[in-house]
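Enquirer: Pasting a predicted model and its sequence here:
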Amino acid sequence: MQQLSYTLENAEGKTYLREYVYYVGSFHYNWHKEIELICVLNGQVEVCAGGNVYNLEADDVLLINANVGHATLSRVPDSAIMLVRISPSFLKKACPDFEHTEIRLCSKAENRQEKRYAELRRCMALMLLSQLSDQPLRAFAFDSALYTLAWTLLREFPPRRQNSTLYSDKDDEKHVYEIIQFLEEHYQEKISLQEIAKHWNYSSSYTSQLFKEYVGINFYDYLTRIRLRQATRMLSETDMRVLDIASENGFQDLKSFNTKFREIYNRTPSDYRKSLAEEHARYDASFKKVFINSDDAFIMERIRFYAEQNGSILQTAIEEEAAPAKPSGIDREKARMIACQLKKIAESLEAES
């Protein structure tokens, strides 16, 4: 049994790539200098990133650009993700200006089965499986999958020059992080946007706008998700009454708790508690990612399914570029006339014989 997780370093000892598979648990906001490619293996996952909210399902792929704050939330139990983080320095080999660009990549129900998304899933799966393998050629298999992944990203989702002022003000960025830390520590208390804005010497409207721009959801929605995160933990770990859990986590009453819970999880807190399997109740207990191991039959089946998909778009592109140019309309007409003449000659020869 192996943990589905690995990290690679360059010659200078710096991490340039990391990949892992995990069950989505706690709702925590973070950002980092690597780009992050997410593939949902199972369940339903909400991702708040770069001023947007993405509701992802199985097979969906999403890219989060470097230094973009984000948070994930599992909407149903057993939601699992395969994730790759890549240092921008790696992609600068092919795109020297990569650090000043952004990639827009998010699949939807109507396009998630397109070849370009299937190729990303295939490469991610092959990279992971090659790391689990003990075959002597595994390094070549990994490099092939990694470079195909990079090629697919840059060709099928061309980087665009960043034209946003997002994260340009370091003071604003620092204050947003401080507000988030405050909410993490005081979510059980009565908190208002007006009080937060006053504390950081902002207007309420600017604070709301700033929070939405950096986090992807508004102030009160974020606070609600923190409270729900704690509430789901209590639902899975304790026998406390639902009413007491609501009160313990900053909800005014049971009705508001039930309403918000249903909005996010599409079920009541009581139904959610019943749906939790005992072996997965630990996912939020430590407030850390729960990595999946290679003995998880369902997850391994999904990963192998991705890896076995045919029709590499890289191979298709190479074949198209290597193929001779298609004849023009005039050439095709000449070819048709020649074919007709040859047919008549063949028919006359056949008649004579």
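Expert: Perfect, thanks for sending it. Numbers count the residues shown, from 1 in each chain.

Enquirer: Now A109: closest residue in space, sequence neighbours ignored.
Expert: Among residues not flanking A109 along the chain, E57 sits closest, at 7.3 Å (CB to CB, 6 or more residues apart in numbering). C-beta: built from backbone N, CA, C; applies to glycine.

Enquirer: Point out where the stretch 251-353 of the chain drops to low pLDDT.
Expert: For the stretch 251-353 of the chain, applying pLDDT under 70 flags the ranges 276-289, 311-353.

Enquirer: State the distance from the residue nearest to A109 to R112.
Expert: Distance, E57 to R112, using CB to CB, to the nearest Å: 8 Å.

Enquirer: go on, K174?
Expert: Separation of K174 from R112 (CB to CB): 37 Å.

Enquirer: The two: which is more packed in?
Expert: More crowded of K174 and R112, by other CB atoms under 10 Å: R112, with 18 against 10.

Enquirer: Where does Y22 sit: helix, strand or coil?
Expert: Under DSSP: H, G, I helix; E, B strand; the rest coil, the three-state class of Y22 is strand.

Enquirer: got a list of what it touches?
Expert: Y22 makes contact with A80, I81, L83, K289, V290, F291, I292 under the criterion CB atoms under 8 Å, 6 or more residues apart in numbering.

Enquirer: From the domain annotation, what segments belong to each domain of the chain?
Expert: 5-161, 170-271, 323-352 (automatic domain parsing).

Enquirer: now the second one, how far from the centre of its chain.
Expert: Counting by CA atoms, centre = their mean, to the nearest Å, domain 170-271 is centred 23 Å from the centre of its parent chain.

Enquirer: same check, this time on stretch 263-273
Expert: That offset, for stretch 263-273, works out to 24 Å (CA atoms, centre = their mean).

Enquirer: ok, residues contacting it?
Expert: With contacts defined as CB under 8 Å, 6+ apart, stretch 263-273 is touched by 46, 73, 75-76, 224-225, 228, 231-232, 235-236, 242, 245-246, 257-258, 261-262, 275.

Enquirer: Now restrict those to buried residues only.
Expert: Among the contacts of stretch 263-273, the ones that count as buried by 16 or more other CB atoms under 10 Å are 46, 73, 75-76, 224-225, 228, 231-232, 235-236, 242, 245-246, 257-258, 261.

Enquirer: Give me the subset of those that lies in helices.
Expert: Using DSSP state H, the subset of the buried ones among the contacts of stretch 263-273 located in helices is 224-225, 228, 231-232, 235-236, 242, 245-246, 257-258, 261.

Enquirer: which one of those residues is nearest N30?
Expert: Using CB to CB, R225 comes nearest to N30 of these, at 14.0 Å.

Enquirer: Let me see the ranges of the helices in this protein.
Expert: 88-91, 115-132, 138-156, 170-186, 193-199, 204-215, 219-237, 242-248, 254-265, 269-275, 297-307, 313-322, 329-352.

Enquirer: could those helices go into a markdown table alongside distance to Q2?
Expert: Below are the helices of the chain laid out as a markdown table (distance: least, CB to CB, whole Å):
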| stretch | distance to Q2 |
| --- | --- |
| helix 88-91 | 24 |
| helix 115-132 | 6 |
| helix 138-156 | 13 |
| helix 170-186 | 33 |
| helix 193-199 | 45 |
| helix 204-215 | 35 |
| helix 219-237 | 27 |
| helix 242-248 | 37 |
| helix 254-265 | 32 |
| helix 269-275 | 29 |
| helix 297-307 | 10 |
| helix 313-322 | 28 |
| helix 329-352 | 56 |
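
Enquirer: how about the nearest residue to the residue most central in space within the chain, chain neighbours excluded?
Expert: For the chain, I38 is the residue whose C-alpha lies nearest the centre (CA atoms, centre = their mean; 2.5 Å). Nearest residue to I38, sequence neighbours excluded (CB to CB, 6+ apart): L62, at 4.7 Å.

Enquirer: which ones are touching the one you found?
Expert: Contacts of L62 by CB under 8 Å, 6+ apart are L37, I38, V47, A49, Y54, L56, L105, C106, S107.

Enquirer: for S208, same thing?
Expert: L193, N218, F219.

Enquirer: So how do I select the buried members of those residues in PyMOL?
Expert: Selection of buried members from the contacts of S208 for PyMOL, criterion 16+ other CB under 10 Å:
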select buried, resi 193+219
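
Enquirer: Going by distance to F211, which of the contacts of S208 wins?
Expert: Lowest distance from F211 to the contacts of S208 (CB to CB) belongs to F219, with 4.7 Å.

Enquirer: Would you check that that closest one makes contact with A197?
Expert: No. Counting by CB atoms under 8 Å, A197 is not a contact partner of F219; they are 9.2 Å apart.

Enquirer: Pull up the overlap in contacts between these two.
Expert: By CB under 8 Å, 6+ apart, the residues touching both F219 and A197 are T207.

Enquirer: now the residue nearest to I38: how far from V68?
Expert: Plainly put, L62 is 11 Å away from V68 if you go by CB to CB.

Enquirer: now do V24
Expert: Distance from V24 to V68, by CB to CB: 18 Å.

Enquirer: of these two, who's got more company?
Expert: Using other CB under 10 Å as the criterion, V24 and V68 rank with V24 on top: 27 against 20.

Enquirer: Report the contact partners of that one.
Expert: Counting by CB under 8 Å, 6+ apart, V24 touches G43, V45, T72, L73, S74, S79, A80, I81, Y283.
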